[in-house]
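Student: generate coordinates for the sequence data below:
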Amino acid sequence: MFKNLFRRDWAFHIIITVVFFLILFTSSGATMLTILLIRRLFPQLFIQLAPVSLTFIAFISSTIIGTGVSLFVTRHFFKPLDGIIKSQKKVANGDFSVKVTPPKSDTIITDLVKGFNSMTEELGSTEMFRNDFINNFSHEFKTPIVSIKGFAKQLQNDDLSEAQKKEYINIIVNESDRLASMSSNILLLTKFENQQMVTNKTLFDLDEQIRNCILLLEKDWSRKNIEFDLELGDVSYFSNEEMLSHVWQNILSNAIKFTPENGIIKIKCYADDSFVTVKITDNGIGMDDRTQKHIFDKFFQGDPSHKINGNGLGLPLAKRVVTLCGGKITVKSQVGKGTTFVIRLPKEKA
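Tutor: Predicted coordinates for the structure are as follows:
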């Protein structure tokens, strides 16, 4: 690294120094050169010419040489800087698509141009993500709010039967729960996305944590009479216990949601010398290739009709936690045959 830095930076500084030296002394150098050439090639003419004429000729030649050197320097060294200045103005006006062509020479200006291009590309991606997030966020929040408002207005009707009132109240409660869940998940996901490392690590029993998450979701799976096939080895893991529990809760909730009545969910947990692996398999409706590509995108829902409750934040949240832990989450699915999530987490010493 230091060799490369020395080669690039010092070479650049030497070139700039030589160039400015040439520009600075172009006038005097050209004058002396012109006079010597005239004196050697045309001695009689040299004697006859007045000093003023010689000075005039030298001035013209030095101007031509100086201009040539200046154009060379401007074109090969400072043109990229001019491109960056112009592009900065476009970036300031919100245009992140601008790119500056780096010079062919391997100098510090090349690094500057590449850094500028990387910056605009990152800003463009951030702006696109922000716009998509705002659009999706607005849509997902607007839907339950409109629903709550509509059924609340219906409740003002005195002609409603008790059964209708009860139905509308249940809808309002469910939509309110959906909003509360969405808000909590957004805050949690934002927190984890801004977090760069796992803190508050403790040694805990991972298999026991998975069992507890199953019990927390008992109301959902018992209503559909879903069975669990557990193969949980005794696995101790060193990490943030509360953070990791969100992974199992969201993936299990997703599996329960898309598993039919009387279905079965298999969970396998085991460890080797380097990794802890958890596999969660259901025999639900499965996913097509397009859905599998986007399930970790924020607000994406495989069911476009929204017949199944969800906000498209559970799986992105689970993936972010796994990524923070240095692990990897993958999915395999087939339409009509079910889905398998595989989570691999690196082991750490307590």
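Student: show me what contacts the residue nearest to Met197 when sequence neighbours are not counted?
Tutor: Distances taken as Cβ to Cβ, 6 or more residues apart in numbering put Leu324 closest to Met197, at 7.2 Å, once the chain neighbours are dropped. Quick note: C-beta positions are derived from backbone N, CA and C, even for glycine. Each residue near Leu324 by Cβ atoms under 8 Å, 6 or more residues apart in numbering is listed here: Phe192, Gln195, Gln196, Met197, Val198, Met243.
Student: which one among those gets closest to Gln156?
Tutor: Phe192 (41.7 Å; Cβ to Cβ).
Student: what about the residue nearest to that closest one when sequence neighbours are not counted, how many residues nearby?
Tutor: With sequence-adjacent residues excluded and distances taken as Cβ to Cβ, 6+ apart, Phe192 is closest to Arg320, at 4.7 Å. Other residues lying near Arg320 total 21 when counted by other Cβ atoms under 10 Å.
Student: surely Arg320 and Glu193 touch.
Tutor: Yes - in this structure, Arg320 is within contact of Glu193 by Cβ atoms under 8 Å, at 6.1 Å.
Student: please parse the chain into its domains.
Tutor: Following automatic domain parsing, one finds the domains of the chain at 2-93, 139-194, 202-346.
Student: what's the least confident stretch among the ones you listed?
Tutor: When those are compared on mean pLDDT, domain 2-93 scores lowest, with a mean of 58.
Student: element containing Arg344, please.
Tutor: Assessed by DSSP states H and E, Arg344 sits inside strand 338-346.
Student: within the sheet, what are the partner strands of that strand, with directions?
Tutor: When pairs are called by DSSP bridges, strand 338-346 turns out to pair with strand 275-282 (antiparallel), strand 328-334 (antiparallel).
Student: okay, buried residues for it please.
Tutor: Buried residues in strand 338-346, counted by 16 or more other Cβ atoms under 10 Å: Gly338, Thr339, Thr340, Phe341, Ile343, Arg344, Leu345.
Student: quick one: which of these is nearest to Val331?
Tutor: Closest to Val331, out of all of these and judged by Cβ to Cβ, is Phe341, at 5.4 Å.
Student: the closest one reaches Val331, doesn't it?
Tutor: Yes - under the criterion of Cβ under 8 Å, Phe341 is in contact with Val331, at a separation of 5.4 Å.
Student: hmm, back to that, contacts for the strand holding Arg344?
Tutor: 237, 239, 247, 251, 255, 258-259, 274-284, 286-287, 322, 325-333.
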